[in-house]
Each structure stands twice: as structure tokens, then as C-alpha cells.
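[1] model the structure of this input:
(chains A and B)
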Amino acid sequence: EPEVTQTPSHQVTQMGQEVILRCVPISNHLYFYWYRQILGQKVEFLVSFYNNEISEKSEIFDDQFSVERPDGSNFTLKIRSTKLEDSAMYFCASNRGPRGYTFGSGTRLTVV
Amino acid sequence: AQTVTQSQPEMSVQEAETVTLSCTYDTSESDYYLFWYKQPPSRQMILVIRQEAYKQQNATENRFSVNFQKAAKSFSLKISDSQLGDAAMYFCAYSPNTGNQFYFGTGTSLTVIP
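    Numbers count the residues shown, from 1 in each chain, chains lettered A, B, ... in the order given. From the prediction side, this is the model:
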């Protein structure tokens, strides 16, 4: 069964550094998403991406964050100047059309 | 605003028994989708079951079934013949038909007792 692949599985970074989280969505999917889950809390929407541009974003997704689809297969989330509160599990997801995301296995980001 | 409420932070069930997890949601939309996701300790999000709001028939996937009450905006998950591998965090989620964003509840942690 097709999978959404995320790398790395765990990333540790120093406060103030930039990180790039990588995702390879399912190849024939058209919509791509990033979600965040702070430990012990619910999963929160960050951004959706369609046709090479952001289609929706939440209040969390401020200027510190950016997304890109650099080569037609990868979908990246860049977090600039990381803060301690950015520590969370970050999930990439994709779907082809209405409903039924496939989530990746997540990247655990730890900011120290 | 769309909100999803899971009022049971923790539940437990004896192996082979049946358990029901509750979820309510708030929306002014008439067409939408509802989901239950399972998150085991690995923290991967796994789709358990999906319900389209326009369908009156409750969705079923093997041992998992839902009780969808549209008027009451209720969407509970029933797990029959519970197995040790069912132990996980379960999240209810809502998605409007007019957008792709999911709204998640706060989750219910399910323990299966051998």
C-alpha cells in the first residue's frame, strides 16, 4: 500500500537554528498538508498545499514557517529560528481529492 | 467554528469485550466527513474508519463500527472483541466538504486489559 514517507524520524536542533522537515507524499496525490502535535495535545493543522501554492494556513503558520515542493516529489516544511515551543511531532499528509488523508509516520522535533 | 469534543480522556476495556468511544462535533455545514484515527505508541496516525455525512448508514470496518447521529452531531466508535493491539490513543476528526483541513478532538487513550 502506498505510503507517505517522512524524514528524519527524529531531529534535535538548537534553539535559533533552522530545520527542514521532509516528506514524500503519495505520487498521485494532489493535496499536501502539515500538522503538528505537541506532546500530550491534539493534532493541529498548520498548512495545506495544492497546485504549488498554499491553499489554507492556520494562525500557527506564521512567518517562521514556510513550505515548498522543490522537485515535484518532495514536500518540505522549513522552520526558521526554532524556539523551545516548536518541539512537537510534525506530520505530513496527502490525499488525492475529497477525504481520507494518508499520514506519514511523523518527525519528532526536539528543540534544545 | 468547527470543534470536535472527546469527553473521555481515558477508557479501558477487557480483552474480547466491547468498548464505545464518544465524539461530538459542532458545525453549521450539512455536508462533511468524520473520521476516527488511531495513534499507537509509535505515534503514527492510522485511519480506522470514515463516515460521509450524507450517508445514513453507519460505517463498519471489521471490528470497528460507528454510531453516527447527524441531528445530535454525535459520532461514536464501537470496538468489538477488543484486542491488545487496539490499545492506543484514538482521535475523532471532522473535515468540511468545502475545505481539506481536518479538525481533531483531544483524543481518548484506550487501555486493553488482558
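[2] the nearest residue to A:Phe65 once chain neighbours are set aside and A:Asp63, how far apart?
    With Cβ to Cβ, 6 or more residues apart in numbering or on different chains as the criterion, A:Phe65 has its nearest non-adjacent residue at 5.9 Å, and that residue is A:Ile79. C-beta: built from backbone N, CA, C; applies to glycine. From A:Ile79 across to A:Asp63, the span is 11 Å (Cβ to Cβ, to the nearest Å).
[3] those two - which one has more neighbours?
    Each of A:Ile79 and A:Asp63 has its neighbours counted (other Cβ atoms under 10 Å in any protein chain shown); A:Ile79 has more, 20 against 7.
[4] partners of that one in the sheet?
    A:Ile79 has the following beta-bridge partners by DSSP bridges: A:Val19, A:Phe65.
[5] residues from chain B in reach of chain A?
    Contact residues, chain B versus chain A (Cβ under 8 Å from any Cβ of the partner chain): B:33, B:35, B:37, B:42-47, B:50, B:52, B:91, B:93, B:95, B:97, B:99-107.
[6] drop anything exposed from these.
    By neighbour count, with 16 or more other Cβ atoms under 10 Å in any protein chain shown, the residues of chain B next to chain A hold B:33, B:35, B:37, B:43-45, B:50, B:52, B:91, B:93, B:95, B:100-107 as buried.
[7] next step: the residues you listed restricted to strands.
    By the criterion of DSSP state E, membership of these in strands covers B:33, B:35, B:37, B:50, B:52, B:91, B:93, B:95, B:103-104.
[8] surely B:Asp31 touches B:Asn97?
    Yes: with contact defined as Cβ atoms under 8 Å, B:Asp31 reaches B:Asn97; the gap is 4.1 Å.
[9] which neighbours do these two have in common?
    Residues within reach of B:Asp31 and of B:Asn97 at once, by Cβ atoms under 8 Å, 6 or more residues apart in numbering or on different chains, are B:Ala53.
[10] burial check on A:Glu44, number of neighbours?
    Neighbours around A:Glu44, by other Cβ under 10 Å: 19.
[11] which stretches in chain A count as strands?
    Using DSSP E, the strands found in chain A span residues A:5-7, A:10-13, A:19-24, A:31-37, A:43-50, A:53-57, A:65-68, A:75-79, A:88-95, A:102-103, A:107-111.
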